[in-house]
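Colleague: show me how the following folds:
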Amino acid sequence: MTSPFSLPAVLSPPMTGHEAVVDAMYRCVMAFDTNDKDLFDSSFMPDGVFEVNGRSMTGLPEIHATGLALIFSVDTTHMVSNVRVHMKVAALSAEQHEASLTATVLSQHFVAGKGMEPAQNDLMGGSLYRGDLIRDTDGLWKFKHLLIKSIWVQGDYSIIGGNFSEMGK
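Modeller: Numbering: from 1, shown residues only. Okay, the predicted model is just below:
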């Protein structure tokens with residue numbers, strides 16, 4: 001689903017270097033917040049691994065069915081900060097095709113459609129993200145592996161249907 005708050009995956013003018021790698025993170029979390037599957041897919045390799053608190057999902061079909069189904073079922077905002085990028089340069093080429101990044105993310109979750117109602121329960125979390133990315137043939141940087149580790153949570157786990165790391169086990 002396209003949202004009026006989602007820009008195209010490929011921006012103009014095209015980004016390069018660190019900025020283009022960080023944009024993969026921004027596309028990913030903006031997709032979370034706008035329920036935009038296509039934008040999410042632009043940030044992930046088809047066979048990528050999405051790991052949240054020890055729960056691993058491999059490939060876009062599983063990520064859509066499990067991870068995005070949960071994230072898209074609630075109203076969220078994700079604020080990304082402290083992003084660091086490490087570019088890997090191949091020995092025989094000056095062109096960069098692999099990178100890693102780390103970030104700190106603060107996320108707020110509400111029952112879908114209830115966030116603007118007074119006195120609603122919510123779940124807020126602070127997490128560390130670590131990603132390994134490659135530049136795909138379409139020129140976009142995409143996650144091969146995105147690891148999310150929640151450091152703290154505050155609020156009502158029932159907002160997301162229980163402890164995410166224990167769901168589906």
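
Colleague: okay, now S42: neighbour count?
Modeller: 22 (other Cβ atoms under 10 Å). Placement of C-beta: from N, CA and C, glycine included.

Colleague: state the pLDDT value of the spatially closest residue to it that is not a sequence neighbour.
Modeller: Closest residue to S42 apart from its sequence neighbours, by Cβ to Cβ, 6 or more residues apart in numbering: A9 at 3.5 Å. As predicted, A9 sits at a pLDDT of 79.

Colleague: phi, psi of A9?
Modeller: Main-chain dihedrals, A9, degrees, to the nearest 10: phi -60, psi -40.

Colleague: that one and K142: what is the separation?
Modeller: Counting by Cβ to Cβ, to the nearest Å, the separation of A9 from K142 is 10 Å.

Colleague: joint contacts of the two?
Modeller: When contacts are counted by Cβ atoms under 8 Å, 6 or more residues apart in numbering, A9 and K142 are jointly contacted by 42-43.

Colleague: which of those two has more residues huddled nearby?
Modeller: Using other Cβ under 10 Å, the more surrounded residue of A9 and K142 is K142, with 23 against 19.

Colleague: from S100, how far off is that one?
Modeller: 13 Å.

Colleague: what do the two both touch?
Modeller: Here K142 and S100 share the contacting residues L133, scored by Cβ under 8 Å, 6+ apart.
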